[in-house]
Structures are given as structure tokens and as C-alpha cells.
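Need coordinates for the following:
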Amino acid sequence: MRISKREKSIIRAKLVNRRVLSLFREHGAPATFVSSRTTQDNNQLYIMTTFTIPTRDSVSPATQQAFDGLQKMAGFVPNLFAAFGHSENGLPRYLAFQGAKTSLSNKEKEAINLVVSQVNGCRYCQSAHTAIGKMNGFSDQQILDIRAGHATDAKLNALVVLSKDITENKGHASAENLDAFYAAGYSQGNLVDVVLAVSDKIAANYLHNLTDLPIDWPLAAELEAVAA
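So this is what the prediction gives:
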């Protein structure tokens, strides 16, 4: 079986990543991680800067309170939320934005979270919201459908299609999808809340895509693997 240059570079990146981790352990470095990626155009390998996961003792008092709230609510502090703790007020600000009152239901918010995370290729958020989506009443198949950009329920489908369009096209959604959103029963106020929900999830997606933090949720299936 022939291996493409792209596949060879990925394998090489993984081997280098393991070697770097080994060196960190040998020298007694903190138990963090290092991410490595390759460029598609020139096949060069770059090692990303180490991004640590802060502990409760290392964050600001306001962030410690946020950690405590997450621990009480979820039983743990998810790595991605912990990463916001590098900013003195980042996590409290993000949680306040995420938890603000909205016209959207929890299932509608999770549908947005799932499709936006799929478009942005964030495996962490795909996994987290697969678990949270199930808690909010979605089946495994419904979650896969939403990630693929559609839903069997007509109103939810209009929301998912528009959210995907907004994310893919940086807000320049088609008139057809916007009209379908309104025709499904959504209002202009709902549209504002959709944009806020999309922006909330983009922030989390981008932070994880930049840091490649370990996923501490049950790993969501890859859509390509399910389709195969």
C-alpha cells in the first residue's frame, strides 16, 4: 500500500511529538502536552508552543470560584474551560456569556453547538456536545444528523442549516436559508440569539484548535467513519 507525502508527514509529526513528550518527562517537566502539525504546501514540520492546563492554585480568585462552580455542577473542570483560566477574567467572562438568558431552548443551543463545532473541526467540542446533547434528549443518530448539517424536525432543521451557513460563510448566509429560518417560526430576536450562540461556540472551537488540549469527554465518532 502506497503512503502519500501527506500521510508520511503526519506519521513523522506524531513520532516527533512522542519524542518531545519523552524529553519533557526525562527532565521532570510538568505533565502538560505538546502539539505538532505540518503544513500541506511545503511539507515542513513545526512544533507548537506548549500550552499548559492551569490548576486551581495557579488561577485568579475569580477563576477559582468558576472552577469550584464547574466542579460542583459537572464533577470536574473540563480542560477547555480550565484553559480560559490563563486569562485573569477569561473564564468568568466566558461562562457569563455562555449562560446568559436567551430565547433559544437548550436543545436548540446544543444543535448550534454541534453543527458549529463540526464546521470548525473542533474535536473537543464535538465530543463535549455529543455528551451534553444526549443529556438534553437527542439520540445518537440525531446528533450525527445535526453535525452533518440537517435535522428531521423541520423547525430545528431550519436552525441547523442556517447556523452551518453562518459559520461557513462568516455571517454571509444565503437569503434562502434566512427566509427558511423565518418561515419555520423564528423571529428577528431569535436570529440575534443564534448569532450570539454561534460566536460563543466559535470562541471555544478556536481556543481548542489553537491549543489541541487533551479531550476529557467520551470521544465523538468521526462523521466520515460513521458514513463508511
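
quick one: contacts for the nearest residue to residue 154 once chain neighbours are set aside?
Nearest non-adjacent residue to residue 154, counting by C-beta to C-beta, 6 or more residues apart in numbering: residue 184, 6.3 Å away. Where C-beta positions appear, they are placed from N, C-alpha and C, glycine not excepted. By C-beta atoms under 8 Å, 6 or more residues apart in numbering, the residues touching residue 184 are 154-155, 157-159.

For residue 184, give its distance to residue 204.
Per C-beta to C-beta, to the nearest Å, residue 184 is found 26 Å from residue 204.

Same question for residue 69.
17 Å.

So for those two, which sits in the more crowded spot?
Neighbours were counted for residue 69 and for residue 204 using other C-beta atoms under 10 Å; residue 204 has more, 24 against 14.

Tell me if that one really is in a helix.
Yes. Under DSSP: H, G, I helix; E, B strand; the rest coil, residue 204 falls within a helix.

That one touches residue 126, doesn't it?
No. The criterion here is C-beta atoms under 8 Å, and residue 204 misses it with residue 126 at 11.2 Å.

Which neighbours do the two have in common?
The overlap between the contact sets of residue 204 and residue 126 (C-beta under 8 Å, 6+ apart) is empty.

did I read that right, residue 145 in a strand?
No. Counting by three-state DSSP, residue 145 is not found in a strand; it is helix.

count of neighbours near it?
Neighbours around residue 145, by other C-beta under 10 Å: 21.

Tell me where this structure has helices.
5-26, 61-74, 79-83, 90-98, 106-119, 123-135, 140-147, 154-168, 175-183, 188-211, 223-227 (DSSP state H).

what's the most buried one of these?
Highest mean neighbour count among the helices of the chain (mean count of other C-beta atoms under 10 Å): helix 106-119, with a mean of 24.

Only C-alpha atoms, please: export that helix in PDB.
Taking C-alpha atoms only, helix 106-119 is exported to PDB below (Å, rounded to 0.1, in the frame of the first residue of the first chain):
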ATOM      1  CA  ASN A 106     -31.400  24.100  25.500                       C
ATOM      2  CA  LYS A 107     -31.900  21.600  22.600                       C
ATOM      3  CA  GLU A 108     -31.700  24.500  20.100                       C
ATOM      4  CA  LYS A 109     -28.400  25.700  21.700                       C
ATOM      5  CA  GLU A 110     -27.000  22.200  21.600                       C
ATOM      6  CA  ALA A 111     -27.900  21.900  17.900                       C
ATOM      7  CA  ILE A 112     -26.000  25.100  17.200                       C
ATOM      8  CA  ASN A 113     -23.000  23.900  19.300                       C
ATOM      9  CA  LEU A 114     -22.900  20.600  17.400                       C
ATOM     10  CA  VAL A 115     -23.000  22.000  13.900                       C
ATOM     11  CA  VAL A 116     -20.700  24.900  14.500                       C
ATOM     12  CA  SER A 117     -18.100  22.600  16.100                       C
ATOM     13  CA  GLN A 118     -18.400  20.300  13.200                       C
ATOM     14  CA  VAL A 119     -17.800  23.100  10.700                       C
END
